[in-house]
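*Asks:* Quick check, what structure comes out for this input:
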Amino acid sequence: MTIRILSAIGDPDAARVVSSLLHQLPDAEPAPAVADSAALLDALARAAAQGDGAPSAGGPSAVEALPEVVVVHERIGPAPALELIREVALRFPAVGVVLITADAGPALFSAAMDAGARGVVGLPLGYEELAARVQAAAQWAAGVRVHLGGSAEAAPGPAGTLVTVTGAKGGVGTTVTAVQLALAARAAGRSVALVDLDLQSGDVASYLDVQFRRSVVDLAGIQDISVRVLQDAVHDHHTGLGLLLAPEEGERGEEVDDRAARQILGALRSRYEVVLVDCGSQMQSANAAAVELAETALLVTTPDVVAVRAAKRQVRLWDRLQIRKAEDTTTVVNRLTRNTEIQPPLVAKATGTQVARTHVPAAFKELQPCVDAGRLQDLDNRSTVKQALCALAAELALVESPAARQGRGSHRARPTLTGRKRKAIAAGAAPGPGTIPGPASGPASGSGSGSGGRFAVRRGPAARGGAGPFDPAGPYEEG
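*Replies:* This is a model prediction of the structure:
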């Protein structure tokens, strides 16, 4: 969102300083400063009048033509600063006003809020404080304009989808799942932030071959996270992901509490379409807050007794702490094989959660080269694990479903051959619907009509149960 800023500053030196700082703001368009209160009101009135006749020609409305933020210096004249703020708030309610003053005490702050200001910045000016107040005022103004009939595209607040990935226990594939979901969403063209909130033993950096000096701990002590601060802490990976890593020193993870986690995730959601959080398997206040805030909370488990019991224990913990209900949690079964005794329906029954329709197969040999090299982004597209996780991303609406992209002529839309038809083709016979041709020479074993006759397969218990291949010497009926 582009932030248009108009400053009202009487002192030329102060105007130059404020203009220099405002030009450093990302997505900001500062206008030349006006020298007094009358010039400010006239400039706002002209902007509203120009926009008033524009909608018929497809231009902006009167509300949209106004700047989002007005910065007022305390020494503006001839009208006092607080009176000017009150006048702007009454005549142009969709404009956020920020007051610059040397006395930023409680009394003046309260008076400025009563007059209609959206923020107060103390002197001497600092970039961080000015940027935070201007961005907050711009978000407020954008929200007011939506309610006044302005463009809905300027709506402020968290817009990104927050997805958390938590492990039932260590070693079930939590980080691999989080990384591949993030890569799938990024490949679909969405802006993605991957946050490592496994604060004591986060491995996102190791899986993606990243060395970066900043971590989530650097944002923990900041009250107002500005865009520049967020950009300094987030690593821009060459895959297009924005990475907010866990600290290298695990003991520093205690500095990130639930308040800091909420603030950090809120800042990320305002800049990214998808925010994926690797919460690890140990619950702390930070990742517990993330699970509570998430639209989708994934719980990764493997189909073995120990992991399923750990998943059940994790769900009960969330319920006791009122973090998340079991029915609002989605369980992902990783490393699933056909021979395992614990299948997804049993996992759903044991944990009381929803189980994702997509299950990840057990194929560690496909992952091992990329894991050992620390480059999980290089996993082959033909990998069954990657294909399953991409399908899981589509199920979670992080990417477009493959079924929606699949055309009628796609090979995936063609009917597959059954085992009997495939064996008939291997034997040199053409498969027919429910029939097989007789042998090339001589009568068939058992009752039959000789060479070239057609026989219908008698489907016995073994065939219905799927036990064992079709026996060519089995019983037939005349067709």
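*Asks:* and Gly126, how many residues sit next to it?
*Replies:* A total of 12 residues lie near Gly126 under the criterion other Cβ atoms under 10 Å. Any C-beta I mention is one placed from the backbone N, CA and C, and that applies to glycine too.
*Asks:* Need the pLDDT of it.
*Replies:* Looking at Gly126, its pLDDT stands at 86.
*Asks:* roughly how far apart are it and Ser226?
*Replies:* Distance of Gly126 to Ser226, computed by Cβ to Cβ, to the nearest Å: 11 Å.
*Asks:* And Arg382, by the same measure?
*Replies:* If you measure Arg382 against Ser226 using Cβ to Cβ, the figure is 43 Å.
*Asks:* for Asn381, same thing?
*Replies:* Separation of Asn381 from Ser226 (Cβ to Cβ): 38 Å.
*Asks:* Tell me which of the two has more neighbours.
*Replies:* Ser226 (22 against 8).
*Asks:* Could I get the contacting residues of the nearest residue to that one once chain neighbours are set aside?
*Replies:* The spatially closest residue to Ser226, leaving aside those adjacent along the chain, is Ala131, at 4.5 Å (Cβ to Cβ, 6 or more residues apart in numbering). Contacts here follow Cβ atoms under 8 Å, 6 or more residues apart in numbering; on that basis Ala131 touches Leu21, Gln24, Leu25, Ser226, Val227, Arg228.
*Asks:* same thing with Ala363?
*Replies:* Listed by Cβ under 8 Å, 6+ apart, the contact set of Ala363 reads Ser383, Thr384, Val385.
*Asks:* While we're on the second one, how confident is the model there?
*Replies:* It refers to Thr384. In the prediction, the pLDDT value recorded for Thr384 is 95.
*Asks:* tell me the contacts of it?
*Replies:* By Cβ under 8 Å, 6+ apart, the contact list for Thr384 reads Pro361, Ala363, Glu366.
*Asks:* cool, and the last one?
*Replies:* Contacts were defined as Cβ under 8 Å, 6+ apart; by that measure Val385 touches Val176, Gln180, Val360, Pro361, Ala363, Glu366, Leu367, Leu379.
*Asks:* Just the element for it, please.
*Replies:* When elements are assigned from DSSP states H and E, Val385 belongs to helix 384-395.
*Asks:* and that helix, which residues are buried?
*Replies:* By neighbour count on 16 or more other Cβ atoms under 10 Å, the buried set for helix 384-395 is Val385, Lys386, Gln387, Ala388, Leu389, Cys390, Ala391, Leu392, Ala393, Ala394.
*Asks:* How far off centre is it?
*Replies:* A distance of 16 Å separates the C-alpha centroid of helix 384-395 from that of its chain, computed with Cα atoms, centre = their mean, to the nearest Å.
*Asks:* ok, what's across the strand from the residue nearest in space to the middle of the chain?
*Replies:* Averaging the C-alpha coordinates of the chain gives a centre point, and the residue nearest to it by Cα atoms, centre = their mean is Val274 (2.0 Å). Beta-bridge pairing of Val274 under DSSP bridges involves Thr161, Val192.
*Asks:* Same question for Val97.
*Replies:* Beta-bridge partners, per DSSP bridges, of Val97: Val70.
*Asks:* from what I can see it touches Gly116, true?
*Replies:* Yes - under the contact definition of Cβ atoms under 8 Å, Val97 touches Gly116, with a separation of 6.3 Å.
*Asks:* These two - which one has more neighbours?
*Replies:* Relative neighbour count places Val97 above the other of Val97 and Gly116, with 24 against 17, counting by other Cβ under 10 Å.
*Asks:* residue contacts, the more buried one?
*Replies:* Val69, Val70, Val71, Val72, Ile85, Val88, Ala89, Gly116, Ala117, Arg118, Ala137.
*Asks:* pLDDT value on Asp471, please?
*Replies:* In this model, Asp471 is scored at 41, pLDDT.
*Asks:* try Gln263
*Replies:* If you check Gln263, the pLDDT there is 88.
*Asks:* tell me which element it is part of?
*Replies:* Secondary-structure element containing Gln263, defined by DSSP H and E: helix 258-269.
*Asks:* So the protein: which segments form each domain?
*Replies:* Per the record, the chain has its domains at 3-154, 161-403, 419-478, by automatic domain parsing.
*Asks:* The closest residue to Arg262 other than its chain neighbours: neighbouring residues, count only.
*Replies:* In space, not counting the residues next to it along the chain, Arg262 is nearest to Ala289; the distance is 5.4 Å by Cβ to Cβ, 6+ apart. Look at Ala289: counted by other Cβ under 10 Å, it has 22 neighbours.
*Asks:* Would you quantify the distance from Ala289 to Asp258?
*Replies:* As it turns out, when the distance is counted by Cβ to Cβ, Ala289 lies 4 Å from Asp258.
*Asks:* Next: Val275.
*Replies:* Separation of Val275 from Asp258 (Cβ to Cβ): 16 Å.
*Asks:* neighbour-wise, which of those two wins?
*Replies:* When Val275 and Asp258 are compared for neighbours, Val275 comes out ahead with 31 against 16, by other Cβ under 10 Å.
*Asks:* Give me the below-cutoff pLDDT ranges for the chain.
*Replies:* Applying pLDDT under 70 to the chain flags residues 1, 51-61, 147-159, 401-479.
*Asks:* quick check: longest helix of it.
*Replies:* The helix spanning the most residues in the chain, taking DSSP state H as the definition, is helix 127-147.
*Asks:* I'd like the contacts of Val97 written out as JSON lines, with distance to Ala38 added.
*Replies:* Formatted as JSON lines, the entries for the contacts of Val97 read as follows, by distance: Cβ to Cβ, whole Å:
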{"residue": "Val69", "distance to Ala38": "20"}
{"residue": "Val70", "distance to Ala38": "14"}
{"residue": "Val71", "distance to Ala38": "17"}
{"residue": "Val72", "distance to Ala38": "13"}
{"residue": "Ile85", "distance to Ala38": "15"}
{"residue": "Val88", "distance to Ala38": "12"}
{"residue": "Ala89", "distance to Ala38": "17"}
{"residue": "Gly116", "distance to Ala38": "19"}
{"residue": "Ala117", "distance to Ala38": "19"}
{"residue": "Arg118", "distance to Ala38": "22"}
{"residue": "Ala137", "distance to Ala38": "22"}
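*Asks:* so which of these comes closest to Leu298?
*Replies:* Checking the contacts of Val97 against Leu298 with Cβ to Cβ, the nearest one is Ala137 at 36.7 Å.
*Asks:* From what I see, the closest one and Leu99 are in contact.
*Replies:* No - using Cβ under 8 Å, Ala137 and Leu99 do not qualify as a contacting pair, with a distance of 10.4 Å.
*Asks:* Who has more neighbours out of these two?
*Replies:* The neighbour count for Ala137 versus Leu99, taken as other Cβ under 10 Å, is higher for Leu99 (28 against 23).
*Asks:* hang on, that one is in a helix, isn't it?
*Replies:* No - Leu99 is assigned strand when assessed by DSSP: H, G, I helix; E, B strand; the rest coil, not a helix.
*Asks:* In PDB, list the C-alpha atoms belonging to the helix or strand Asp42 falls within.
*Replies:* Taking DSSP H and E as the definition, Asp42 sits inside helix 37-52. As requested, the backbone C-alpha atoms of helix 37-52 are provided in PDB (Å, rounded to 0.1, in the frame of the first residue of the first chain):
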ATOM      1  CA  SER A  37      -2.200  25.800   9.000                       C
ATOM      2  CA  ALA A  38      -4.200  27.700   6.400                       C
ATOM      3  CA  ALA A  39      -2.100  26.200   3.600                       C
ATOM      4  CA  LEU A  40      -2.600  22.700   5.000                       C
ATOM      5  CA  LEU A  41      -6.400  23.100   5.100                       C
ATOM      6  CA  ASP A  42      -6.400  24.600   1.600                       C
ATOM      7  CA  ALA A  43      -4.300  21.700   0.200                       C
ATOM      8  CA  LEU A  44      -6.600  19.100   1.700                       C
ATOM      9  CA  ALA A  45      -9.700  20.900   0.400                       C
ATOM     10  CA  ARG A  46      -8.300  21.100  -3.100                       C
ATOM     11  CA  ALA A  47      -7.400  17.400  -3.100                       C
ATOM     12  CA  ALA A  48     -11.000  16.500  -1.900                       C
ATOM     13  CA  ALA A  49     -12.500  18.800  -4.500                       C
ATOM     14  CA  GLN A  50     -10.400  17.300  -7.400                       C
ATOM     15  CA  GLY A  51     -11.400  13.800  -6.400                       C
ATOM     16  CA  ASP A  52     -15.100  14.700  -6.000                       C
END
